[in-house]
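1. Sharing a model that was predicted from the sequence below.
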Amino acid sequence: EVQLVESGGGLVQAGGSLRLSCAGSGFSSDDYIIGWFRQAPGKGREGVSCITSKDGPSYYLHSVKGRFTISSDNAKKTIYLQMNSLKPEDTAVYYCAYTRGSCSGYFDYWGPGTQVTVSS
């Protein structure tokens, strides 16, 4: 069974940086699609970024382009989300999720999430 665990969240001032990690198991390191999502209080979940084992980074939410970078270490089955120039509106619980479908499709497995809080 696929399992995902996020880490790296925390409290940071506006303009600061954090690197989130998504440690995975139960899937092939050369056949996966991992997405990062976030959900802010009182708001719906939104897709932040996505990476595929075949094509690399495949999607960034418009509001994070140029600030966030997704990457992977296939040997460790770990996906990273480097977040720079953080803004208070980036405050949310961040989740990683797995699918074998597509970045725009349904994600089957989810991690428990990690809290990111950006203070102004």
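-> In hand now; what should we look at?
2. what lines up beside the helix or strand of the chain with the lowest mean pLDDT in the sheet?
-> Lowest by mean pLDDT, DSSP states H and E among the helices and strands of the chain is strand 56-60, with a mean of 94. Counting by DSSP bridges, the strands paired with strand 56-60 are strand 45-52 (antiparallel).
3. Next, the buried residues of the partner strand.
-> By 16 or more other CB atoms under 10 Å, the buried positions in strand 45-52 come out as Gly47, Val48, Ser49, Cys50, Ile51, Thr52. (Glycine included, C-beta is placed from N, CA and C.)
4. which one among those residues gets closest to Gln115?
-> Val48 (14.5 Å; CB to CB).
5. Wait, the closest one touches Thr69, no?
-> No: look at Val48 against Thr69 with CB atoms under 8 Å: they stay out of range, at 11.3 Å.
6. any idea how far the most centrally placed residue in the chain is from Ser120?
-> By CA atoms, centre = their mean, the mean C-alpha position of the chain lies nearest to Trp36, the distance being 2.6 Å. From Trp36 over to Ser120 the distance is 23 Å, taken as CB to CB, to the nearest Å.
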